[in-house]
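Novice: only geometry, no sequence info:
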């Protein structure tokens, strides 16, 4: 069984309006839109971290030669 975490947050009014517009356009719930955005953000950040580590390792290897 998966745990669900409830997280109360505040949105800037313009961002909230954008979310409501997207909800009307594609029929997804605001919760679904937030989950989709969160998944994309996590994937993007993990890729950035991996790239930084790869670059750092490459530089360290070049210097230690």
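Specialist: Done, it's in. Keep in mind it's a predicted model, so treat the numbers as computed, not measured.
Novice: Please list all residues in contact with the residue most central in space within the chain.
Specialist: Nearest to the geometric centre of the chain sits residue 41, at 1.5 Å (Cα atoms, centre = their mean). For residue 41, the contact set (Cβ atoms under 8 Å, 6 or more residues apart in numbering) is empty. (C-beta placed from N, C-alpha, C; glycine too.)
Novice: which SSE is it in?
Specialist: helix 30-64 (DSSP states H and E).
Novice: just residue 20 next, same as before
Specialist: Per DSSP H and E: helix 13-26 holds residue 20.
Novice: which residues sit against that helix?
Specialist: Contacts for helix 13-26 (Cβ under 8 Å, 6+ apart): 11, 28, 29, 30, 33, 34.
Novice: Quick one, which of the residues you listed are buried?
Specialist: Buried members of the contacts of helix 13-26, scored by 16 or more other Cβ atoms under 10 Å, are residue 33.
Novice: Could you work out the most separated pair of the contacts of helix 13-26?
Specialist: Spatial extent of the contacts of helix 13-26 (Cβ to Cβ) is set by the pair 11 and 28 at 16.2 Å.
Novice: just for the chain, where's the confidence low?
Specialist: Along the chain, segments meeting pLDDT under 70 span 1, 65.
Novice: Count the neighbours of residue 37 for me.
Specialist: 12 (other Cβ atoms under 10 Å).
Novice: With the one 10 residues further on instead?
Specialist: Residues contacting residue 47 under the criterion other Cβ under 10 Å number 10.
Novice: about what we covered before: how far away is the residue nearest to the centre of the chain from residue 52?
Specialist: Separation of residue 41 from residue 52 (Cβ to Cβ, to the nearest Å): 16 Å.
Novice: for residue 32, same thing?
Specialist: From residue 32 to residue 52 the distance is 31 Å (Cβ to Cβ).
Novice: Residue 53 versus residue 60, what's the distance?
Specialist: With Cβ to Cβ as the criterion, residue 60 and residue 53 are 10 Å apart.
Novice: make that residue 18, sorry
Specialist: On the measure of Cβ to Cβ, residue 18 and residue 53 end up 34 Å apart.
Novice: Those two: which is more packed in?
Specialist: Applying other Cβ under 10 Å to residue 18 and residue 53 shows that residue 18 carries more neighbours, namely 13 against 10.
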